[in-house]
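Q: Can you look at this prediction? I've put the sequence above it.
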Amino acid sequence: MNDCLFCQILAGEVPSRRFYEDEWCVGFLDISPYHRGHSLVIPRRHVPDGITDPAAWQEVSQGLIAVSALLQARLGATGVNILSNAGAVSGQEIFHFHVHILPRYPDNPGMAGLTHRDEGAADDLDGLYAQLIG
C-alpha cells in the first residue's frame, strides 16, 4: 500500500532502525519513543489492526518474544509492556497492525509510568540501534 508508512518501511522506501526480522514480521525502534528502546513489531503483510485479522497475532508472536528478550538482554530492561491499539479512538495512528514493546526499567515501574513519556528517550536512537544489532 503506497500510502501506508509501515508498508513503505517494509519496502525500504522509508528508513528505519530495523533490528529484528523473520519470515513473518519486522521489529524496529519507534522514532517517537515513550521509553528508552520503545520498539514496534509489524507483520510483513498489510493488516489494518489485530482485530480485523486476528491471524496477524500469530505472525508477530515469535517477533514479540525475540524483540522483548533482545531489549532486556542488550538494554538492561527488567520487564516490558506489550500493547496494540485497534482503531482511531484507541490511539492508533498508523493503520497497519503494529505492536508496541516498551522496555521498562526499575526507575519508572508500574502501569502509572507506562504512558508517561521519558524525557530524552529519543535522544540517542542511533546508539540504541547499535546496541541492539551489536
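A: That came through, no problem.

Q: Which of the three states applies to the spatially most central residue of the chain?
A: Closest residue to the average C-alpha location of the chain: Leu40 at 1.2 Å, with C-alpha atoms, centre = their mean. Recorded secondary structure, Leu40: strand (DSSP: H, G, I helix; E, B strand; the rest coil).

Q: Please name the bridge partners of it.
A: Beta bridges link Leu40 to Phe28, His100, judged by DSSP bridges.

Q: show me the contacts for it.
A: Going by C-beta atoms under 8 Å, 6 or more residues apart in numbering, Leu40 touches Gly27, Phe28, Leu29, Asp30, His98, Val99, His100, Ile101. To be clear about C-beta, it is placed using only N, CA and C from the backbone, and glycine gets the same treatment.

Q: Name the nearest of those residues relative to Glu119.
A: Asp30 (15.7 Å; C-beta to C-beta).

Q: surely that closest one meets Ile42?
A: No: using C-beta atoms under 8 Å as the test, Asp30 is too far from Ile42 to be in contact (11.1 Å).
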